[in-house]
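K.L.:
below are the sequence and a predicted model; questions follow.
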Amino acid sequence: MLTLFLCRHAKSSWTEPGLSDKDRPLNARGKNDAPMMGRMLENREENPDLIISSPAERAFKTAKLISDELGYMHKDIIIDNRLYMAGIGDFIEVLKECRNKDKIIMLFSHNYGITDFANYLSGSRIDNIPTCGIVKIIFEFSNWEKIKKEKGKLEYFIYPKMFKHGI
């Protein structure tokens with residue numbers, strides 16, 4: 001069995017208009033939401049074998065903040081350019097290149113691609129994965145090459161505002 005976490009980056013800052021889109025950092029809310037979501041995952045004993053992130057500052061920082069809560073080393077996070085503004089085909093390419101020994105993978109990326117991909121894999125009807133939202137999808141097979149439309153089962157969909165009163 002394989003498990004995939006699709007994680008949208010936390011809330012980013014728009015205070016520096018001269019920055020490129022890839023260089024936008026997290027704002028204060030994003031810096032608070034990401035560790036909180038990491039603690040939520042840690043409380044559920046979710047332990048990824050592999051974390052892959054978009055190269056965008058906001059996505060990579062989100063991956064690092066969540067990985068801190070899970071005990072996953074920053075140096076082990078893989079940055080993949082295909083996850084920056086990825087479409088369904090990009091996500092599939094990335095996953096099909098993963099080793100089958102990595103049974104639990106977390107991808108950090110952006111909307112609208114990440115919402116589209118969650119729906120594609122699970123047949124769900126999620127309108128929007130909000131910032132720092134996380135979707136967990138499980139597959140009944142053990143080879144990433146078999147990733148296809150509607151072959152996954154949505155286990156849960158969570159986001160920071162669900163936990164505004166604590167986790």
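P.N.:
Okay, I see it.
K.L.:
any regions of the chain where pLDDT drops low?
P.N.:
For the chain, residues meeting the criterion pLDDT under 70 lie at 165-167.
K.L.:
next up, the contacts around the closest residue in space to Lys22 that isn't next to it in sequence.
P.N.:
Take Lys22 and drop its neighbours on the chain: the residue closest to it by Cβ to Cβ, 6 or more residues apart in numbering is Ala56, 4.7 Å away. (Each C-beta comes from the backbone N, C-alpha and C, glycine too.) Going by Cβ atoms under 8 Å, 6 or more residues apart in numbering, Ala56 touches 9, 21-24, 84, 110.
K.L.:
highest neighbour count among the residues you listed?
P.N.:
When neighbours are counted by other Cβ atoms under 10 Å, His9 leads the contacts of Ala56 with 27 neighbours.
K.L.:
got phi/psi on it?
P.N.:
His9 adopts backbone torsions of phi -60, psi 160, taken as degrees, to the nearest 10.
K.L.:
from what I see, it and Lys64 are in contact.
P.N.:
No - the pair His9 / Lys64 is not scored as a contact, 11.2 Å apart, by Cβ atoms under 8 Å.
K.L.:
would you mind finding the longest helix in the chain?
P.N.:
Looking across the chain with DSSP state H, the single longest helix is helix 28-43.
K.L.:
so which bits of that one are buried?
P.N.:
Going by neighbour count (16 or more other Cβ atoms under 10 Å), the buried part of helix 28-43 is 30-42.
K.L.:
packing partners of that helix?
P.N.:
Contacts defined by 3 or more Cβ pairs under 8 Å, 6 or more residues apart in numbering; DSSP states H and E place helix 28-43 against helix 57-70.
K.L.:
name the strands paired with the helix or strand just after the helix it packs on and say parallel or antiparallel.
P.N.:
Per DSSP states H and E, helix 57-70 leads on to strand 78-79 as the next helix or strand towards the C-terminus. Using DSSP bridges, the strands paired with strand 78-79 in its sheet are strand 50-53 (parallel).
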